[in-house]
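A.B. asks: fold the stuff below for me.
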Amino acid sequence: MENAQPTAAHKLMSVLAGRWRTEGQTVATKDAPAMKIAGTDTYEWLPGEFFMIHHVDVRMGADDAKTLEVIGYDVATNTYLTTFFDNLGNTGSYRATVNQDVWTFQGVADRATLTIRDNTMEAHWERTDDSVHWQDWMHITLTRVH
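C.D. replies: Numbers count the residues shown, from 1 in each chain. Down below sits the predicted model:
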């Protein structure tokens with residue numbers, strides 16, 4: 001693969017590249033109040049521009065949430081694959097698809113819809129305990145920092 005070049009699907013990830021101010025909150029449940037979310041998300045290309053590195057550095061309520069995620073494109077399934085690792089020892093993965101300006105991420109117990117317009121991303125997260133019933137989890141707005 002000496003002369004491998006990123007495909008048009010790889011290049012779609014360019015819309016994510018940059019530093020983003022992250023603001024939002026979790027949705028209150030009967031067991032937990034809503035928590036404010038604030039911090040930054042940074043997306044940068046790994047050299048070669050086949051993979052995007054995503055750093056999350058936010059505060060959720062009183063807790064720091066730091067995550068490293070790698071995002072790549074899988075030609076065989078025509079989906080984007082992600083793997084993340086966080087400061088609490090959690091790891092996981094998502095499959096993502098793109099339809100115009102909407103990215104949809106699907107994990108085992110959570111999923112997100114990310115709508116990108118100009119210099120703003122709106123993220124709506126849901127989670128499930130049984131893979132059937134989904135509930136709102138958090139709403140986040142990311143604004144590009146120039």
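
A.B. asks: please identify the buried residues of stretch 44-62?
C.D. replies: Residues of stretch 44-62 classed as buried by neighbour count (16 or more other C-beta atoms under 10 Å): 45, 50-52, 54, 56, 58, 60. C-betas here are computed from N, CA, C, even on glycine.

A.B. asks: among those, which pair sits farthest apart?
C.D. replies: 50 and 60 (30.8 Å; C-beta to C-beta).

A.B. asks: now do the contacts for residue 10.
C.D. replies: Residue 10 makes contact with 49-50, 73, according to C-beta atoms under 8 Å, 6 or more residues apart in numbering.

A.B. asks: would you reformat these as CSV and include pLDDT, secondary structure and distance to residue 81?
C.D. replies: Shown next, in CSV, are the contacts of residue 10 (pLDDT from 0 to 100; DSSP: H, G, I helix; E, B strand; the rest coil; distance: C-beta to C-beta, whole Å):
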residue, pLDDT, secondary structure, distance to residue 81
49, 96, coil, 16
50, 97, coil, 12
73, 97, strand, 8
